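1. Attaching a predicted model along with its sequence, questions to come.
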Amino acid sequence: MSAATQFYIISLLVFAAVDLLAAYGLNLQFGVAGLLSFAFILFQSAGAYAASVTSLGPDTANGGFQHYILGSTLPFPLPLVCAALAGALLALPIGLVTLRRLRSDYQAIALLVMSIIATDLVTNDQHLLNGAAGLSLIPAPLQNRLALTQVGYQWLFVLFCIVVTAACYLVMRRLTKAPLGRAMRAMRDNEQAALSLGKNVVWLRIITFAVGGAMAGLSGGLLVEFVGAWAPSGWLYPETFVLFTAIIIGGTGNDVGVLAGVLLVPVVIAEATQFLPSIGRPGLIAALQWILIGVLLIVFLWLRPQGIFPERKRRFPSAEELSRGVPRRRLSIGASAALNGRQGAPRG
Amino acid sequence: MGTLASAIGFGLVTASILALAAVGFSLQFAVTNVLNLAFAEVMGSAGYIALLSTHAVNNIWVAMVPAAVFGALLSYGVNRLIFVPMIKRGTKLFGMVIVTVGVGLIIENVILAVAGPNFSGYALPPVHTHHIGPFQLTAPQLIIMGLAVFAMISVHLLLRHTKVGFAMRAISVSATLAEHSGIDTRRIVDLTWLISGALGGVAGVALFINVGAFTSATANEFLVVIVAAAVLGGVGDAYGAMLGALVIGLTSEIEAAYFNPQYKEVVGFVVLVIVLLARPQGIIAQVAVQREIGR
């Protein structure tokens, strides 16, 4: 296998793991808890910047050609911890927006605009995170310590990404299987009912945003340690749309569905086609990708809004059924509740 | 004084373009309750149609006519072919936001695929600066302001003095009630999308004239400012949208003149977020209750 082919496969695997990690974070917020996290890409971006500045060293390094805040050199796992913390910390104030019982479309717009404001601020402030040019020369962790070839190191990094993603998945699965996850779904399906049963929906939202934000931040940290650069053009608001598309196509709220959606949308469409030979004028392939993503989303919302793998609605036996000894069943009912606006403001 | 006067001059031009767009956006939202984030792409594609038309007629103001017609037809077609079937299938408010973002991405990237990534510009005759009071404005800027004033008066007359406008206002209060009162809601809704698209088309050409050089992404960068103007005045209120356009146009240009021009859009955005969170019903209107999407 040639080095180019290997690098191609390595890149795809890293992107798949990173996108999957982020998508599970978004699925926790949108799919499980029904929160319209339309500024989600900011959490990933915060993580990426946090991991960058904590591994780049002070900004006088490399001749001081880039300016950023908080420059330091932390040992290996700490930049990733900072990335997860940054994602969670940014998610908290942004998550507070969803506490306002706004119409769901207003909420989406408010978050979308926050995403654009953040892009504008970071792009225009040269001294915060090096402006539009972004940060570069971000070192790969431990590469100097490990006596490995370039390709060998990258395969190890692939393995590391997969392990981190799998670990995060298990933690998230544990959360959503637990009573906490049931409370989140209850909040999504009928907030008034959840409230009346004594569920603290404010606390639930904060937890959901923090955990999802941490997963997104961690994914950003992993991504930036692999690609070595991070700039505002990498986290424009349509990137959030790509993740939403992946989740909706795969199956909102279904773990297998999210996996399928991520493999289909961000990986096959958005990443793999970047390595195609360029045809036509510059930018044509990128344009066709976006068109394809938009068309896929609309086709799915039209024909199969519940996604490829619909969420299985959990059904719990009534007291009568319990007394008759009817076994616990699970019914498969379609349509994602979050998409149809069953959360948020009371309807009237 | 000079700085302030020129900032106000630029602000009035920006406000005129914003008013054209925001009133179109707001009118359609009021009647159909679909928050159409593909509106900027209707503007952008109409701007490119005007660019094509200038090859035939060599006058940008004449080319505005096919652009407005195209904007109207595109807006109508997107609603009939995509939005209405989606709504009939039960897609609700947030789902529709995702759908309109998707439609917007598709249109923007079709333009990108056809027109390429390079900047384009209309071939305008050399411009003369006119001194009007303390303001210095070019002829195209004056025409844009005139167009906006004309469009605002037309929309006002339409809403207040015609049966169609009466029907539109009725539907914006309650589509069901309007339908039961014998209003042909489908026809009125179609007409609303046409008018909103035409206003968007004119606004798109005006925007492209004003910025000089544009790409497929230019209109989209303007979208949030439009939404800000529409929301500030109370989404779904055409008069509120005019007021919102004036406020956002003036504040952003004055901010640019005195502080940091790179942040002039951020001012509008921050205003939008604050209004959305603090007073989603806007400054003067009472709309924005959760009601069914009209079709």
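-> Done, it's in. Computed from a predicted structure; not experimentally measured.

2. any low-confidence regions in the chain?
-> Going with chain A. For chain A, the stretches flagged by pLDDT under 70 are A:274-280, A:325-348.

3. wrong one, chain B
-> B:1, B:235-236, B:279-295.

4. what about the strands in it?
-> B:129-132, B:135-138 (DSSP state E).

5. Of the ones you listed, give the one that comes closest to residue A:171.
-> strand B:135-138 (60.8 Å; C-beta to C-beta). Yep, even glycine has a C-beta here, placed from its N, CA and C like the rest.

6. need the strands of chain B in CSV with distance to residue B:239, can you?
-> Shown next, in CSV, are the strands of chain B (distance: least, C-beta to C-beta, whole Å):
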stretch, distance to residue B:239
strand B:129-132, 26
strand B:135-138, 25
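
7. Need those in a markdown table (columns: mean neighbour count and distance to residue A:73).
-> Formatted as a markdown table, the strands of chain B follow (neighbours: other C-beta atoms under 10 Å in any protein chain shown; distance: least, C-beta to C-beta, whole Å):
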| stretch | mean neighbour count | distance to residue A:73 |
| --- | --- | --- |
| strand B:129-132 | 10 | 56 |
| strand B:135-138 | 17 | 54 |
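
8. Which of those strands sits closest to chain A?
-> strand B:135-138 (27.4 Å; C-beta to the nearest C-beta).

9. quick one: strands adjacent to that closest one?
-> Using DSSP bridges, the strands paired with strand B:135-138 are strand B:129-132 (antiparallel).

10. any idea how far the partner strand is from the chain center?
-> Strand B:129-132 sits 27 Å away from the centroid of its parent chain (C-alpha atoms, centre = their mean, to the nearest Å).

11. Over to stretch B:7-22?
-> On C-alpha atoms, centre = their mean, the centre of stretch B:7-22 falls 12 Å from the chain's centre.

12. near chain A at all, that stretch?
-> No: Stretch B:7-22 stays clear of chain A (C-beta under 8 Å from any C-beta of the partner chain), getting no nearer than 14.1 Å.

13. Residue A:186: what's it in contact with?
-> Residues counted as contacts of residue A:186 (C-beta atoms under 8 Å, 6 or more residues apart in numbering or on different chains) are A:193, A:194, A:197, A:199.

14. In this structure the second one contacts residue A:182, no?
-> Same thing as residue A:194. No: applying C-beta atoms under 8 Å as the test, residue A:194 and residue A:182 come out as separate, 9.7 Å apart.

15. With neighbour numbers in mind, choose between these two.
-> Remark: of residue A:194 and residue A:182, residue A:194 carries more neighbours, 21 against 16, as counted by other C-beta atoms under 10 Å in any protein chain shown.

16. Distance check, the more buried one against residue A:187.
-> For residue A:194, the distance to residue A:187 equals 5 Å [C-beta to C-beta, to the nearest Å].

17. any common contacting residues for the two?
-> Both residue A:194 and residue A:187 are contacted by A:201, A:204, under the criterion C-beta under 8 Å, 6+ apart.

18. just checking, residue A:212 is part of a strand?
-> No: if the criterion is DSSP: H, G, I helix; E, B strand; the rest coil, then residue A:212 is helix and not within a strand.

19. In contact with it, which residues are there?
-> A:25, A:26, A:28, A:29, A:37, A:40, A:43, A:91.

20. got a markdown table for those residues, with distance to chain B, neighbour count and secondary structure too?
-> Formatted as a markdown table, those follow (distance: C-beta to the nearest C-beta, whole Å; neighbours: other C-beta atoms under 10 Å in any protein chain shown; DSSP: H, G, I helix; E, B strand; the rest coil):
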| residue | distance to chain B | neighbour count | secondary structure |
| --- | --- | --- | --- |
| A:25 | 18 | 30 | helix |
| A:26 | 13 | 24 | helix |
| A:28 | 17 | 27 | helix |
| A:29 | 13 | 27 | helix |
| A:37 | 11 | 31 | coil |
| A:40 | 13 | 31 | coil |
| A:43 | 18 | 37 | helix |
| A:91 | 17 | 29 | helix |
